[in-house]
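S.K.: Got a predicted model here, sequence first, then my questions.
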Amino acid sequence: MADLYGQSGDDKRPTEVPAIRWEEPPEGPVLVLLDQTRLPAEEVELVCTDASALVEAIGSLAVRGAPLLGIAGAYGVALAAARGFAVDEAADALAGARPTAVNLSVGVRRARDAYQAEVAKGGGPEQGARAALAAARQLHREDAEASTRMAQHGLALLGELLPGGGHRILTHCNTGALVSGGEGTAFAVALAAHRAGQLRRLWVDETRPLLQGARLTAYEAARRGMAYTLLTDNAAGSLFAAGEVDAVLIGADRIAADGSVANKVGSYPLAVLARYHHVPFIVVAPVTTVDPHTPDGASIEVEQRPGFEVTEMAAPQAPVSGAGGGIPVAPLGTQAYNPAFDVTPPELVTAIVTEEGVVSPVTADGLAELCARSGRAATG
Ligand SMILES: CSC[C@H]1O[C@H](OP(=O)(O)O)[C@H](O)[C@@H]1O
């Protein structure tokens, strides 16, 4: 077999530009986003002055990833309030920007509730805006703390499942600092293994069609000096067949009450491969991604995205030719099926790792207990 263990990343420079930050220049508060559609070629920042700009950034995946969507949604409510826009209208637009990641609506609700509680107490719009900002900042901090704890729980689980270290981990999409207030979810576990000298290889699925793995996970792994190898999504099966995968680590966008996991499209086939090859399939997500109000996988709304993301390759310098302005890889007018996510049933998930601990096997009761431990009511 060809040399699988190619050159690992050698740039120890951590991602210097935060995925999101709130600033208060003289002309008024702004939300500054690292535009993830421009990575890895360019680190370009988007400055949002209102909720509609943020809704557009969420829809284009300039800002993305379940936990970060929650943080962005909360800051978006605070931004609308601070700039005197209609808060309820902004909150509804933000919560509806993408349907699958439950974190987005959770984050929006936390900031909106804080605003409304302050106003209900007799505070003016300014006090309401400050309360919304405080709620967004608290969520940001909580997510960073959750990331650290998930990494600890995940590393311990890898040690139990794979004694002896030298882990070869396959991951899908992007679950690092670019989706988090901290170092991410599944990627944070792989990073902890790297720091502990236990990561032999991070196999990075490119993750068609938007290439979050190739563009973003490789970008983060290189900057962390991790040993990583990029592969096409189609090549994952042959890696399992060659015995080159010790565990799969992925994130989640919504976990239903029964333990069904919605995550980037391509996750479900990996779960089937992992089961067939007796490889642990581990989901890493904060408790805010568990949705007790969605009973099962069939109840999860899976975002359907534009066909041009499949029929064209994004290339900023590409001549405008198809619907999306990229380089056509299919005849103009080709219809495409482009679900952003798929759903993995709980029986194919070895464990769900959260900041509150690990659920394995994955059961509704186990998840409910975890939510209760975090102080969130687990109702069916
Ligand atoms: C741990 S959140 C990252 C999660 O979000 C990604 O989706 P998208 O890039 O469309 O926001 C993907 O499902 C990742 O697992």
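M.R.: Nice, thanks for sending it over.
S.K.: Now do the same contact list for the residue nearest to Pro346 when sequence neighbours are not counted.
M.R.: Leaving out its chain neighbours, the residue that sits closest to Pro346 by CB to CB, 6 or more residues apart in numbering is Gly259, at 3.2 Å. Quick note: C-beta positions are derived from backbone N, CA and C, even for glycine. Neighbour list for Gly259: Pro346, Val349, Ile352, Val359, Val362, Thr363, Ala364, Gly366, Leu367 [criterion: CB atoms under 8 Å, 6 or more residues apart in numbering].
S.K.: how does it look with 10 Å?
M.R.: 283, 290, 296-297, 344-349, 352, 359, 361-367 (CB atoms under 10 Å, 6 or more residues apart in numbering).
S.K.: Mind telling me what element it is part of?
M.R.: Counting by DSSP states H and E, no helix or strand carries Gly259.
S.K.: Kindly report the same for Ala222.
M.R.: helix 218-223.
S.K.: buried stuff in the following helix or strand past that helix?
M.R.: Using DSSP H and E, the helix or strand that follows helix 218-223 towards the C-terminus is strand 228-231. Buried residues in strand 228-231, counted by 16 or more other CB atoms under 10 Å: Tyr228, Thr229, Leu230, Leu231.
S.K.: Could you save these as TSV and add columns showing distance to Pro163 and pLDDT?
M.R.: Listed next are the buried residues of strand 228-231 as TSV, based on distance: CB to CB, whole Å; pLDDT from 0 to 100:
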residue	distance to Pro163	pLDDT
Tyr228	23	98
Thr229	24	98
Leu230	28	98
Leu231	26	98
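S.K.: any idea which of those residues is the one closest to Ala214?
M.R.: Nearest to Ala214 among the buried residues of strand 228-231 is Leu230, at 5.6 Å by CB to CB.
S.K.: how much distance is there from the helix or strand encompassing Val272 to the middle of the chain?
M.R.: Assigned by DSSP H and E, Val272 belongs to helix 267-276. Put simply, helix 267-276 sits 19 Å off its chain's centre (CA atoms, centre = their mean, to the nearest Å).
S.K.: quick one: is it near the ligand?
M.R.: No. Judged by CB under 6 Å from any ligand atom, helix 267-276 and the ligand are separated, with a smallest distance of 7.4 Å.
S.K.: which residues sit in contact with whatever residue of the chain ends up closest to the ligand?
M.R.: The ligand sits closest to Gly251 of the chain, with a gap of 2.7 Å, by CB to the nearest ligand atom. For Gly251, the contacting residues are 65-67, 101, 171-176, 179-180, 184-188, 261, 263-264, 267, 283-286, 289, by CB under 10 Å, 6+ apart.
S.K.: any idea what sits nearest it, other than its immediate chain neighbours?
M.R.: Thr175 (3.8 Å).
S.K.: do the same with Ala285
M.R.: Leaving out its chain neighbours, the residue that sits closest to Ala285 by CB to CB, 6+ apart is Ala252, at 3.9 Å.
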